[in-house]
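> okay, sequence plus prediction incoming.
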Amino acid sequence: MSKQFADLGISKPILNALSDLNIVTPTEIQQKTIPLLLANTTDFVGLAKTGTGKTAAFGLPILQLIDTNSTLVQAVILAPTRELGQQIFKNLESFATFLPEVSIAATCGGIPIKPQIERLSTSTHIVVATPGRLIDLIQRKAINLKETKFLVLDEADEMVSILKESLDEIVAELPKDHKTFLFSATMPGTIKQLVQNYLNKNVVQVSANMETSGNQGIDHEYIVVDPIEKLDVLMHFLNSKEGERGIIFCKTKAAVNKLAKNLAINRFSSGALHGSLSQGIRDRIMEQFREGHINILVATDLAARGIDVKEISYVVNYHLPDAYEAYVHRSGRTARAGAKGLSLTVLQPEEVGEIADFEKELGIKFSEFKKPSSLSIEENNILLWAKQIFKTKPNHEVDAELKTKIKTVFHHLTKDELIEKLLANYLLQNKNEPVEKPIKRQKMK
């Protein structure tokens, strides 16, 4: 029989909050982590994939260990992006529903610092921060970490380069007897070096396998395409998922912008997300995605961290990621909260051999997604062309006399006859042209 949260030592107020959130059975990483952190005897390293409940694994014990008689910061949780930081903050607030005396603050970059400084001037027990913003607050002497008992490094594998530069300055502000809890999806050499340099030599390490509630519902599939047909195959897939929400991952910001522009041209309900966008724009795009106003998010890896939307039915790897852990984080955006999901990777012929490496390293099995026929792709492009016409707004600046002359040309045709002629004209113009040619021509309009 699987353990319940009460068996792990979680207190009644937190149990009540979990019950209200319909969180009943602890995941593997939660079962292994919570009793160890509640004991508060050593540093800790937790290895678990995205979507396995790591926030609750460290968040619940920390909430329970807070001394509310003190008004100073007792726990600092570092996250790689503001989006993930905000997600952790919201989760902690939900877990602390019946702990009104516990004060939690989010101090992440990308937004004005002054309100955060004002917030920290009042009683604050837990701070969720991005490393750069925390360093800024330390340098301004706006945060007091002299009584901080816990430092949590969440998604540490995504923060390695930042932490190498800033961790010394952060740790210097903490008491020598503080505990460090590091969580990561993988354990590359750079993370091992962090553990060796900053954690106690008696550090306890636990890991949860891939077959957890957050990942077992994912179908991992790949499709092989030639470069010239890549966009059209993607749009064929997206049309088959009309009305569903998904994320398309690209390697670079430039690739995100290019693909998002092509999808917009073809009237897909989509938005772009990458680090060069202002925080206001990123927040607005994310809000539109969460609220269902757009169905497709085109994103870089780092920009999409912290996206915890339950109804994401598919993820597309438009470019094969360079690192195995990046694939884990990408695919983990779907199949949240026990739902099913699809992770589709688009490959060029020369990349097919790499799938075996991903299977071996991650312990998962890929199946091949059948590529649509040339005829099916052509029919899909015609449908996209028709949707473009349907969704095009009338141009009211066209001269009325010219409109009258054009109407005279078509006035004797029925609607069916006009559609037949438009379709024949489209097919004639696109006869024997490369599949991407219509896209290029549309962009030039």
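That came in fine, so what should we check first?
> which stretches of the stretch 51-200 of the chain form strands?
75-78, 104-107, 126-129, 150-153, 179-184 (DSSP state E, counting those that start in this stretch).
> tell me which of those strands is the most buried.
strand 126-129 (a mean of 27; mean count of other CB atoms under 10 Å). C-beta: built from backbone N, CA, C; applies to glycine.
> which residues does that strand contact?
62-63, 66, 73-79, 85, 88-89, 92, 102-108, 120, 134, 137, 143 (CB atoms under 8 Å, 6 or more residues apart in numbering).
> next one: stretch 417-428
Residues external to stretch 417-428 that are found in contact with it (CB under 8 Å, 6+ apart): 382, 385, 389, 410, 413.
> if you look at the residues you listed, which of them are in strands?
Among these, DSSP state E puts none in strands.
> mind checking which of those residues are buried?
Buried members of the contacts of stretch 417-428, counted by 16 or more other CB atoms under 10 Å: residue 385.
> may I see the contacts of stretch 417-428 organised as a markdown table, with distance to residue 273 and pLDDT added?
Listed next are these as a markdown table, based on distance: CB to CB, whole Å; pLDDT from 0 to 100:
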| residue | distance to residue 273 | pLDDT |
| --- | --- | --- |
| 382 | 30 | 88 |
| 385 | 28 | 88 |
| 389 | 29 | 86 |
| 410 | 43 | 89 |
| 413 | 45 | 87 |
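> report the two of the contacts of stretch 417-428 separated the most.
382 and 410 (20.6 Å; CB to CB).
> separation between residue 97 and residue 286?
24 Å (CB to CB, to the nearest Å).
> got a markdown table for the strands of the stretch 51-200 of the chain, with mean pLDDT and distance to residue 279 too?
Shown next, in a markdown table, are those (pLDDT from 0 to 100; distance: least, CB to CB, whole Å):
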| stretch | mean pLDDT | distance to residue 279 |
| --- | --- | --- |
| strand 75-78 | 97 | 18 |
| strand 104-107 | 96 | 13 |
| strand 126-129 | 97 | 15 |
| strand 150-153 | 96 | 23 |
| strand 179-184 | 94 | 25 |
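> the ones you listed: which one's closest to residue 313?
Per CB to CB, nearest to residue 313 of those: strand 179-184, 26.7 Å.
> chain center to that closest one: distance?
Taking CA atoms, centre = their mean, to the nearest Å, one finds the center of strand 179-184 at 21 Å from the center of the full chain.
> ok, that strand: who's next to it in the sheet?
strand 44-47 (parallel), strand 150-153 (parallel) (DSSP bridges).
> could you pull out the helices in the stretch 1-150 of the chain for me?
12-20, 28-39, 54-65, 82-95, 114-120, 131-139 (DSSP state H, counting those that start in this stretch).
> now the angle from the third one to strand 179-184?
Using axes from the mean of the first three to the mean of the last three CA atoms, to 10 degrees, the direction of helix 54-65 lies 170 degrees away from that of strand 179-184.
> sketch out the low-pLDDT regions of the stretch 251-400 of the chain for me.
303-306, 308, 336-339 (pLDDT under 70).
> outline the domain layout of this protein.
5-207, 218-373, 375-443 (automatic domain parsing).
> show the end-to-end separation of the second one, please.
End-to-end distance of domain 218-373: 26 Å, with CA to CA, to the nearest Å as the criterion.
> which of residue 97 and residue 286 has more residues huddled nearby?
residue 286 (22 against 14; other CB atoms under 10 Å).
> before we move on, the earlier item: which one of the strands paired with strand 179-184 lies closest to residue 37?
Taking the strands paired with strand 179-184 one by one with CB to CB, strand 44-47 is closest: 6.3 Å.
> any idea how far that closest one is from the chain center?
21 Å.
> give the closest residue to residue 30 in space, chain neighbours not counted.
residue 57 (4.7 Å; CB to CB, 6 or more residues apart in numbering).
> what sits against that neighbour?
27, 29-30, 33-34, 37, 46, 48, 183.
> just give me the closest of these to residue 6.
residue 34 (11.0 Å).
> contacts only, for that closest one.
5, 8-10, 26, 57, 60-61.
> for the stretch 301-445 of the chain, what spans make up the strands?
312-317, 341-347, 366-368.
> what's the first one in contact with?
The contact list for strand 312-317, computed with CB under 8 Å, 6+ apart, reads 234, 237, 241, 244-249, 327, 330-331, 333-334, 336, 339-346.
> neighbours around the closest residue in space to residue 123 that isn't next to it in sequence, how many?
Once flanking residues are discounted, residue 123 sits nearest to residue 71: 3.9 Å by CB to CB, 6+ apart. Using other CB under 10 Å, the number of residues around residue 71 comes to 13.
> if I look at residue 71, how far off is residue 150?
Distance, residue 71 to residue 150, by CB to CB: 17 Å.
> tell me what residue 204 is bridged to.
Beta-bridge partners of residue 204, as defined by DSSP bridges: residue 44.
> test my guess that residue 83 contacts residue 285.
No. Look at residue 83 against residue 285 with CB atoms under 8 Å: they stay out of range, at 10.6 Å.
> phi, psi of the spatially closest residue to residue 133 that is not a sequence neighbour?
The shortest distance from residue 133 to any non-neighbouring residue, by CB to CB, 6+ apart, is to residue 109 (4.2 Å). Per-residue torsions, residue 109: phi -70, psi 170 (degrees, to the nearest 10).
> adding distance to residue 398, write the strands of the stretch 51-200 of the chain out as CSV.
Listed next are the strands of the stretch 51-200 of the chain as CSV, based on distance: least, CB to CB, whole Å:
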stretch, distance to residue 398
strand 75-78, 57
strand 104-107, 51
strand 126-129, 54
strand 150-153, 60
strand 179-184, 59
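> out of these, which gets nearest to residue 281?
Comparing the strands of the stretch 51-200 of the chain by CB to CB, strand 104-107 comes nearest, at 19.3 Å.
> what's the pLDDT at the residue lying farthest from the centre of the chain?
Within the chain, residue 412 marks the point farthest from the mean C-alpha position, 53.6 Å out by CA atoms, centre = their mean. Here, the pLDDT recorded for residue 412 equals 88.
> for burial, what's the neighbour tally of the residue nearest to residue 266 when sequence neighbours are not counted?
Setting aside the residues directly before and after it, residue 266 is nearest to residue 384 in space (CB to CB, 6+ apart), at 4.9 Å. Residues within reach of residue 384, counting by other CB under 10 Å, total 21.
> kindly report the same for residue 226.
11.
> how much space is there between it and residue 383?
Relative to residue 383, and taking CB to CB, residue 226 is found at 22 Å.
> and residue 156, by the same measure?
In terms of CB to CB, residue 156 sits 46 Å off from residue 383.
> residue 149 touches residue 65, doesn't it?
Yes. Using CB under 8 Å, residue 149 is in contact with residue 65, at 7.3 Å.
> neighbour-wise, which of the two wins?
residue 149 (19 against 15).
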